[in-house]
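A.B. asks: Just to be clear, the model below is a prediction. Sequence and coordinates:
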Amino acid sequence: MSVLTSRRGCLLWHRNIRRSVRLSNPKECFLRSNPSYLYSTSHHPHDHHHDPSIKRTRNIGIIAHIDAGKTTTTERMLYYSGFTRRIGDVDDGSTVTDFLPAERARGITIQSAAVTFHWPPHQESQTSGSDVPRSHKTHTINLIDTPGHADFTFEVLRSLRILDGAVCILDGVAGVEAQTEKVWAQANNYSIPRIVFVNKLDRDGAAFERTVKEVGSRLRGWPAVCQIPWWKGGKGRFSGVGDAINLCALGWQEGGDGKTIETFSMEQLAEQEPEFRSELLKARTALVEALCEYDEQLLETWLECNDDTLAVPAQAIKDSLRRCILDGSGKLIPVFAGASFRNIGVQPLLDAVDDLLPDPTERPDPEISIGSQKAGLSDLLSGKLSLATSTGKHLAKKTTSPTALVAQIEACALAFKVVNDARRGILVYIRVYSGSVKRNAALWNTNLHVTERAQRLLQMQASDAVEIPHISAGQIGVIAGLKHARTGDTLISFPGQHAKTGPPAPLNTLQLRPIDVPPPVFFAAIEPHSLSEEKNVAEILSLLLREDPSLHVNVDEESGQVLLSGMGELHLEIARDRLVNDFKAKATMGNIEISYRECVLAPSGTHRFLFDREVAGKKGKASCEASISPLEEAAVEQDFTVHRDGNTISIHFPASAHDQNGEPSLPPDLPPAVVHEALINGAAAALARGPRRAFPLHASHVSLRFNPTTDIFGSDTSPAALSSAARLAVQAALKEAFSNGSIGLMEPVMNVVISCDEASLGAIVHDISSARGGHVLSLGTEGNDESDIGLPVNLKRIYAPPDPFASSAGGDTSGPGQQRQVTARVPLKEMVGYLKHLRSITGGRGTFVMSVDKFERLSGPREKAV
Ligand SMILES: Nc1nc2c(ncn2[C@@H]2O[C@H](COP(=O)(O)OP(=O)(O)OP(=O)(O)O)[C@@H](O)[C@H]2O)c(=O)[nH]1
C-alpha cells in the first residue's frame, strides 16, 4: 500500500514516534526549526569553491504543452523583473524570447533561448536579516526556453539536461495534456525539481479542481495546492489568488499591467469574502497535512505548534516544500494559480522560483562518459574514478598519473544551444559544470576533436548581450564566434593541451550528460535552384545541423542528391522554413517521406577493393577488405568497433601488424586514430545508401580487414584514399548481398499513447488494430493504471477547492478517471495524418504522442506497398 492511501495512519504513526522522542537537545531543536541552516552547512559532492552568488542563481526552464501560455508567462516575467519596458504579446508577434521569424509566424517556440534576469529587481530586494525569505533577496534567473511540440523532443531533452529546476505551465481549461505528461516523464528521468502553474484561469471553462486532480492522476505526484484561484464573490471575475502559504489573498486590478498587487489579510477577507476565506483555511490545512507526510521536519514544527496548521510559520512551509521537491522525483508537486495574459499570478510564481527551486550546488552530480566508462563528474574531478583500468594501455604509457591529469582540467562545459544571430553571428550557449571558462581560453571539443578559442563571452538577455570576462561553474552564458561547436558538444579547457589532439586520452573523450538521439524517420530531398547555389545551400544546411543535431544530411554518392532527414513532419517543415525563409537559401524541399531502412539477411563473402585514382588532383591509392552480415549474427569482437546509425563497423588488423604495445604499427603520417576515422567514414558512407531502394542500412555489421603492409602504398595512401577503399569494398559486399536476394526492408514502428474518453475507446482500438495494423498493448484508466512513471495517487484524497463553473459531469472525483489511455505499437506509415482522424472520432478531444520504438522487417505485402 502506498504512503498516500494510508494518510491518516501514517500521520499517527509519525506522531507517536515523534512524541516519544520529544526533542530535548537545544541544538537539535535549532537545526530542526531552521532548515535553511541545514542547507547552508550540507556538504555537497560537487561544491568546489563556488562563488557565493551561486546560491542565488536559478537555472530554470518552462515546460508545457503547446499553447499553455509559456511565452506569455515568460514575457510577463521579463516585464516584472524590469527587463523589458512593455509587455510583449504573443499574438502580435512582438515577444522577446520567440525571436526567430519562423517562431513568430507559428506562434510556437521552436528554439531554446536562455534569458538572464533578476528577481526580485534590485531595488525591491532586502539583503539583511537571516530569516528573510529567499524571494526577498535578488536572484539571478537564467531562464531556458524549451519547445512544446513533440517533434522537438530532442530540443526539450537538450534543454532539460542543463536545468536545475522547472516550472510546468498547465492550461486551466485543457488540464494536463499528452505532451505535458511526456515532458514531465522526461523531467523525472533527469530528476528535475518542478512546480506547476495552472494558467488561463480567467477563461470560460477554467477548472482548477479538475486540473489539480489531473496533476495527481496523470503526472502521478501529490499536488500540494499552494494557491487557490479567487473568483470575485465566488462566481465573478478571476481577480487573484489565495495564498495558502502566507495566509492572505493577492488581488490584481482589472486591465492594469499587473505591477500593483493588493494584499488582503485574513481579517479583511472575513469581512469581504468569508467563503473564500474559509476555503483558504482548508487549503492551508491540506497543504500542511500533505507536506507532513513527506517531511518529518515540518511534522515536527506542526507538533510544536500544537497541531495547529494555521500556526505553522510560512517560512517553515516554504522550506518543507523545497526539501520535498529537491530530489526531482516529482512525488510532491507544488501547485500555483494565475492567468498570465491577464497579468495575474506571475510575481508570486517568480517568488516560488527563488524560494522553492534549487541552486546549482544542490543538484546531483552531472553524468559523464569518458572512454567507455560512465560516471559522475565529481567522481572524475575528485580522482575517485579509476581511469587507468578503463583504457589500460593508453594511460599506462603516460608519465603523469590520471589523477594529476584530471586536476589540471580548468573548465568543463556543455554547449546546449547553437543560434545564428542576425547581428552577432553564431552564438553557442553553454552551461559550465566545473571551473570557469575564461575569455580567450582554448576549448577542446570532445565530440568533434577540435580546439577552438572562446574569443568573446556574453551573457544573453534575449536580443541583447553583455560582454563578460568568464563564465563560472553553475552559470549559463554564450561564446560568440566558434566555428565548429554544435548543440550537445562538451568543451573542456586544459592548459597546455595539444591543439590538434587535445588533452591526453581518455580526457579528450569526456562527455557531459550524453543523450541518445533516436534515428530520423522522415526525409525530404533538398534541391538547390542552380549549380552555383549548391555550396551556399550546403553551408546553410551545415549550420542547421549545428543548431539541431537531430537533423541529418546525406549526400547520395551516385545521384548527388541531398537528403535532409528528421524526427517528424513538423521538424522538417520548420527546417525548410529556416532554410528558405530565414537563411534565404535558393532551394526547394521535396515531399516529406518515411525513411525506411534496408538490412542484410545473410552474411556476404569478403570483398577486397583496391582504390587507385586521382582525388582532387592528388594521386590516391589504398585497399581494404570488407564483409557485411546481419547485426544479431555477427561476432563483434574486433580490434576496434563503433556503432553508427543502428549499425556496427569493426576494423580488424592482422596479428602480425601490431607493435609491442598492442597498437597497430602504422607509418607516422597515418596514426591509428586517422586510419580508424578514414575507414569508418568510408564504410558509413556506403551504409548510407542501400543497394535495393537506396534507403540507409540498419541492423547490419560491417567487418573491415586492413593490413598496413599490403593496403598502404607509401605517400600515395591518404586518408581520403583509405575512405574510398573502405566505401567501395563495403559497396561490393552489399551488391553481392543484393544479387543473392538477401537485402530486406525495414520500417519504423512507433510507440503510441492515445488519450481519449471512455466513449471513443472502442472506435480507437478498432481503428488501430484493424485499419492500421497496430498492436494495442494496454488500455489504462488514467490514475488507476500502475505505470513506472510514479506512484498511483488516490484521487479522492487530493485537496482542491471546488470549481465554481464546473459542468454537470465535473465537480466529483470521477472526472479525470473517465479518461482512458490506449498504448499501442503502430507502423509509422499508418500514423501519418492520424491526428486529424483521431480528432474526428473523438469529437476533437483525443490527443496522442508517439516515439520511435524500433525498425522492424517488413512482411511481404507491406514490402510491396513501399
Ligand atoms: N485567456 C487567456 N489566454 C492566455 C493566457 N495565457 C496565454 N494565453 C493565450 O494562449 C495562447 C498561447 O499562449 P503562448 O504564450 O503562445 O503559449 P506557449 O505555451 O508559449 O505556446 P508555444 O510557444 O506555441 O508552445 C495565446 O493566444 C495567448 O494569448 C491566459 O492566462 N489567459
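C.D. replies: Perfect, I can see it now. Residues are numbered from 1 along each chain as shown.

A.B. asks: Pull the number of nearby residues for R857.
C.D. replies: Close neighbours of R857, defined as other CB atoms under 10 Å, add up to 15. Backbone N, C-alpha and C define where each C-beta goes, glycine included.

A.B. asks: likewise E539?
C.D. replies: The burial count for E539: 12, using other CB under 10 Å.

A.B. asks: Now do it, the pLDDT please.
C.D. replies: For E539, the model assigns a pLDDT of 92.

A.B. asks: So this protein: which segments form each domain?
C.D. replies: 56-362, 367-512, 524-588, 602-741, 746-865 (automatic domain parsing).

A.B. asks: between these, which one is nearest to the ligand?
C.D. replies: domain 56-362 (3.0 Å; CB to the nearest ligand atom).

A.B. asks: Would you format the domains of the chain as a markdown table with distance to P518 included?
C.D. replies: Formatted as a markdown table, those follow (distance: least, CB to CB, whole Å):
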| stretch | distance to P518 |
| --- | --- |
| domain 56-362 | 8 |
| domain 367-512 | 14 |
| domain 524-588 | 7 |
| domain 602-741 | 10 |
| domain 746-865 | 5 |
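
A.B. asks: any idea which of the ones you listed is most buried?
C.D. replies: domain 56-362 (a mean of 21; mean count of other CB atoms under 10 Å).

A.B. asks: circling back to that earlier point, in JSON lines: the domains of the chain, plus distance to the ligand.
C.D. replies: Converted to JSON lines, the domains of the chain look like this (distance: least, CB to the nearest ligand atom, whole Å):
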{"stretch": "domain 56-362", "distance to the ligand": "3"}
{"stretch": "domain 367-512", "distance to the ligand": "14"}
{"stretch": "domain 524-588", "distance to the ligand": "12"}
{"stretch": "domain 602-741", "distance to the ligand": "30"}
{"stretch": "domain 746-865", "distance to the ligand": "14"}
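
A.B. asks: Mean pLDDT lowest where, among the ones you listed?
C.D. replies: Comparing the domains of the chain on mean pLDDT, the least confident stretch is domain 746-865, scoring a mean of 79.

A.B. asks: so how far does that domain reach from one end to the other?
C.D. replies: One end of domain 746-865 to the other measures 12 Å (CA to CA, to the nearest Å).

A.B. asks: re earlier: out of the domains of the chain, the one nearest I594 is which?
C.D. replies: domain 746-865 (5.6 Å; CB to CB).

A.B. asks: roughly how far is the closest one from the heart of the chain?
C.D. replies: When distances are taken as CA atoms, centre = their mean, to the nearest Å, domain 746-865 is centred 23 Å away from the chain's centroid.

A.B. asks: Numbering from 863 from now on, please.
C.D. replies: Done: numbering now begins at 863, and the last item shifts to domain 1608-1727.

A.B. asks: Now the nearest residue to H1637 once chain neighbours are set aside. Its backbone dihedrals?
C.D. replies: Closest residue in space to H1637, ignoring its immediate chain neighbours: R1687 at 5.0 Å, by CB to CB, 6 or more residues apart in numbering. Per-residue torsions, R1687: phi -110, psi 130 (degrees, to the nearest 10).

A.B. asks: thought R1687 was touching E1609?
C.D. replies: No. Counting by CB atoms under 8 Å, no contact exists between R1687 and E1609, whose distance comes to 11.9 Å.

A.B. asks: Next, S1491: secondary structure please.
C.D. replies: Reduced to three states with DSSP: H, G, I helix; E, B strand; the rest coil, the structure at S1491 is strand.

A.B. asks: do the same with N921
C.D. replies: When the rule is three-state DSSP, N921 gets the label strand.

A.B. asks: same question, D1169
C.D. replies: Under three-state DSSP, D1169 comes out as coil.

A.B. asks: Can you classify A1625 as helix, strand or coil?
C.D. replies: Under the three-state scheme (three-state DSSP), A1625 adopts helix.

A.B. asks: Kindly report the same for V1268.
C.D. replies: Applying three-state DSSP: V1268 is helix.

A.B. asks: Surely it is in contact with L1243?
C.D. replies: Yes. Taking CB under 8 Å as the definition, V1268 is a contact partner of L1243 at 6.1 Å.

A.B. asks: name the element A1049 belongs to?
C.D. replies: Mapping A1049 onto the secondary structure by DSSP states H and E places it in helix 1040-1051.

A.B. asks: Enumerate the beta-bridge partners assigned to the residue nearest to F945 when sequence neighbours are not counted.
C.D. replies: Counting by CB to CB, 6+ apart, F945 lies nearest to F979, which is 4.4 Å off, once chain neighbours are set aside. For F979, the beta-bridge partners are I1003 (DSSP bridges).

A.B. asks: do the same with S1617
C.D. replies: Judged by DSSP bridges, the bridge partners of S1617 are Q1683, T1709.

A.B. asks: what's the distance between it and A1273?
C.D. replies: From S1617 across to A1273, the span is 44 Å (CB to CB, to the nearest Å).
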